[in-house]
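J.: compute the structure for the input listed below.
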Amino acid sequence: MTTLSPSLHAGATHRRPERLATGAAALLFVLLLIVQNLVRSAAPAFGADPHVVLTYFRDHQVATAVPLVLFPVGMVALLTFGSGMQGLATTVEERFWARLGGMAVLVIAGLFGMLNVIEIALAIDAKNLATAPEVVGALWAVHGAAFGLDLAAIAIALVALSRVALSRMLIPRLVDRLAWLGAALLFVASLTTLALAQGAPTLYVGFAGFVVWGIFLITCGVRLLRSTETT
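T.: Alright, predicted model coming up:
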């Protein structure tokens with residue numbers, strides 16, 4: 001006889017492996033974000049002088065390589081989580097928010113991919129680019145712009161997927177309220193992308209929202225792992 005967790009709506013038929021994969025993907029993605037940000041702690045700020053950027057990529061090969069190697073794993077985890085959340089949706093309202101969140105996740109993956117492509121180019125050709133600081137400056141500006149625009153996508157994903165998670169009782173109402181606040185901070189920071197790419201402190205507004213994104217993923221991931229069907 002199958003017993004449904006209280007977190008499932010009556011009549012839901014979600015299988016245990018799907019929920020396990022979705023929950024594990026959320027936690028893995030957060031873990032990778034933490035590792036990548038710790039490794040990148042000495043990375044140049046947005047708007048940094050081209051020579052500073054080149055020096056970093058030339059002298060911190062391991063710190064540069066680790067996040068780039070981990071990115072494909074993180075992308076798989078993020079897409080798995082987004083797809084899994086869509087699979088949880090059963091009502092018309094849930095499906096709307098799940099689709100919106102899924103599209104935002106695709107944008108996040110795409111823009112983060114652009115960030116990594118730029119870093120790969122800088123890491124591979126750092127020595128040759130030393131004579132072309134204007135090229136480095138342009139690449140680093142695009143890097144900052146892509147990050148700033150990505151904050152808007154994260155804001156949309158945070159709001160949309162938190163709607164689904166709250167409906168499925170995968171997050172408490174407090175986390176849902178935090179999600180709205182975090183999304184607002186992310187979106188405000190994204191609106192200042194032009195300044196952010198030049199090193200404006202609005203980055204820290206986005207960082208606060210990014211922390212909320214992490215809290216949402218951890219809470220949702222843990223609930224998914226703990227509320228699977230049992231037999």
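
J.: element containing Ala184?
T.: Assigned by DSSP states H and E, Ala184 falls within helix 173-191.

J.: what does stretch 106-120 rub up against?
T.: Contacts to stretch 106-120, defined as C-beta atoms under 8 Å, 6 or more residues apart in numbering, come from residues 57, 64, 67-68, 71, 74-75, 78-79, 82, 139-140, 142-143, 146-147, 149-150, 153-154, 156-157. C-betas here are computed from N, CA, C, even on glycine.

J.: recalculate using a threshold of 6 Å.
T.: For stretch 106-120, the surrounding residues in contact (C-beta atoms under 6 Å, 6 or more residues apart in numbering) are 68, 71, 75, 78, 139, 143, 146, 150, 153-154.

J.: for Leu158, what are its contacts?
T.: Per C-beta under 6 Å, 6+ apart, neighbours of Leu158: 179, 182-183, 213.

J.: nope, Ala146 is what I was after
T.: Ala146 sits next to 111, 114-115 when contact means C-beta under 6 Å, 6+ apart.

J.: most neighbours, which of the residues you listed?
T.: Leu111 (20 neighbours; other C-beta atoms under 10 Å).

J.: quick check: mean pLDDT of the helix ranked longest in the chain?
T.: Scanning the chain for the helix with the most residues, using DSSP state H, yields helix 133-167. For helix 133-167, the mean per-residue pLDDT is 96.

J.: over to stretch 183-200?
T.: Stretch 183-200 carries an average pLDDT of 96.

J.: and the contacts of Leu158 as CSV, adding distance to Ala21 and neighbour count?
T.: Converted to CSV, the contacts of Leu158 look like this (distance: C-beta to C-beta, whole Å; neighbours: other C-beta atoms under 10 Å):
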residue, distance to Ala21, neighbour count
Ala179, 22, 27
Gly182, 25, 26
Ala183, 25, 24
Trp213, 20, 26
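
J.: could you dump those residues to CSV with distance to Leu203?
T.: Converted to CSV, the contacts of Leu158 look like this (distance: C-beta to C-beta, whole Å):
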residue, distance to Leu203
Ala179, 20
Gly182, 15
Ala183, 17
Trp213, 15
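
J.: which one of the residues you listed is nearest Val105?
T.: Taking C-beta to C-beta as the measure, Val105 lies nearest Trp213 of the contacts of Leu158, at 11.5 Å.

J.: end-to-end on stretch 52-68?
T.: Stretch 52-68 has an end-to-end distance of 20 Å (C-alpha to C-alpha, to the nearest Å).

J.: ok, then the element right after the lowest-mean-pLDDT helix or strand in the chain?
T.: Within the chain, confidence by mean pLDDT, DSSP states H and E is lowest for helix 50-59 among all helices and strands, at a mean of 92. On the C-terminal side of helix 50-59, the nearest following helix or strand under DSSP H and E is helix 61-88.

J.: state the mean pLDDT of that next one.
T.: Averaged across helix 61-88, the pLDDT comes to 94.

J.: and it with helix 50-59, angle?
T.: Going by axes from the mean of the first three to the mean of the last three C-alpha atoms, to 10 degrees, helix 61-88 is angled at 90 degrees with respect to helix 50-59.

J.: what are the buried residues along helix 61-88?
T.: Buried residues in helix 61-88, counted by 16 or more other C-beta atoms under 10 Å: 63-64, 66-67, 70-71, 74-75, 77-86, 88.

J.: that one packs against which elements?
T.: Packing partners of helix 61-88 (3 or more C-beta pairs under 6 Å, 6 or more residues apart in numbering; DSSP states H and E): helix 16-39, helix 92-124.
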